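Visitor: Only the shape, not the letters, is given here:
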């Protein structure tokens, strides 16, 4: 296995997995269950996408689910771990990214929430949907998972106390003395 990707819902898992399959990578999509056994790098696919079904869970439950998926992967030597988040920042963003950091033992996690191809960009740490801050867009009134904050650092801090750095385009994070989520501004594919 070259990559383990974790999505918070089935649609996201399929959307992500199909991109790798289109490029010729053998890709497997699974729905997470507590009795799932993980075989690590010897998994019989280049890309394993796991639907963790965490979008509508409580933050602690989402954290624990992501931790249980990532920890054995990190320990078995999977080189690339990717947490796919919702492009409108719905769900347990802070809890899940913190679980990734904790499970891998790394001090820096890079997070690029933008998806410029569908006009979802992050500028000066604020996430926009078609030019409107995400909390004032249709996603701010989502009946199941409303997004209440457009500033990505503040949104992450609604669920965790992990250090967050907002990184302007073309820049790199400061040296990290503590666990840090680096949120990258991004307004174009370039």
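Guide: Yep, that arrived. Remember, predicted model here, so these are calculated numbers, not experimental data.

Visitor: CA only for contacts and neighbour counts going forward, please
Guide: Will do.

Visitor: quick one: the helices in this structure?
Guide: In the chain, the helices defined using DSSP state H lie at 10-22, 59-75, 93-104, 152-157.

Visitor: Packed most tightly, which of those helices would that be?
Guide: helix 93-104 (a mean of 23; mean count of other Cα atoms under 10 Å).

Visitor: and it, average pLDDT?
Guide: Helix 93-104 shows an average pLDDT of 97 in the prediction.

Visitor: End to end on stretch 169-182, go ahead and measure it.
Guide: Stretch 169-182 has an end-to-end distance of 12 Å (Cα to Cα, to the nearest Å).

Visitor: what does that stretch rub up against?
Guide: For stretch 169-182, the external contacting residues (Cα atoms under 8 Å, 6 or more residues apart in numbering) are 97-98, 101, 106-111, 162-167, 184-186.

Visitor: same thing but at 7 Å, please
Guide: 107-111, 162-167, 184-186 (Cα atoms under 7 Å, 6 or more residues apart in numbering).

Visitor: ok, now stretch 4-12?
Guide: 13, 47-55, 80-85.

Visitor: Of those, select the buried ones using a ChimeraX command.
Guide: In ChimeraX, a selection of the buried entries from the contacts of stretch 4-12 looks like this (16 or more other Cα atoms under 10 Å):
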select :13,47,48,49,50,51,52,53,54,55,81,82,83,84,85
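
Visitor: so which of the contacts of stretch 4-12 comes closest to residue 31?
Guide: Using Cα to Cα, residue 51 comes nearest to residue 31 of these, at 4.7 Å.

Visitor: Isn't the closest one up against residue 16?
Guide: No. In this structure, residue 51 is not within contact of residue 16 by Cα atoms under 7 Å, at 10.4 Å.

Visitor: re the thing from before, out of the contacts of stretch 4-12, the closest to residue 153 would be?
Guide: Nearest to residue 153 among these, with distances taken as Cα to Cα, is residue 85, at 14.8 Å.
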